[in-house]
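>>> I need the structure of the sequence given here:
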Amino acid sequence: MGRKTAYFLAIVLGAMAMVPRATAPANRADLRAQWEYSHAVNAVVTFAALCCSVMSQLTARD
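Numbers count the residues shown, from 1 in each chain. Sure thing, here's the model as predicted:
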């Protein structure tokens, strides 16, 4: 759920603001930073999920 939230809030909304147009929006640098940070957050959340999954398998008792 966290990945989809980060994707929608940062990536999709940023992409919608960058719809092809004749001139770049004034806040292009801010949109680019938001885009990059959202990818970093997505990577951290995905890695945390992987770690939790591995730890649950390693500590599982039969």
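>>> what's the neighbour count on Met55?
Met55 has 10 neighbours, counted by other C-beta atoms under 10 Å. From N, CA and C alone the C-beta is placed, and that goes for glycine too.
>>> Next one: it from Thr46, what distance?
Distance from Met55 to Thr46, counting by C-beta to C-beta, to the nearest Å: 15 Å.
>>> Check which helices and strands the longest helix along the chain sits against.
Secondary structure of the chain per DSSP state H: the longest helix is helix 28-58. In terms of contacts (3 or more C-beta pairs under 8 Å, 6 or more residues apart in numbering; DSSP states H and E), helix 28-58 is packed against helix 2-6, helix 13-17.
>>> Can you list the low-confidence ranges for the protein?
Within the chain, the ranges that satisfy pLDDT under 70 run 1-3, 6-7, 10, 14, 17-24, 62.
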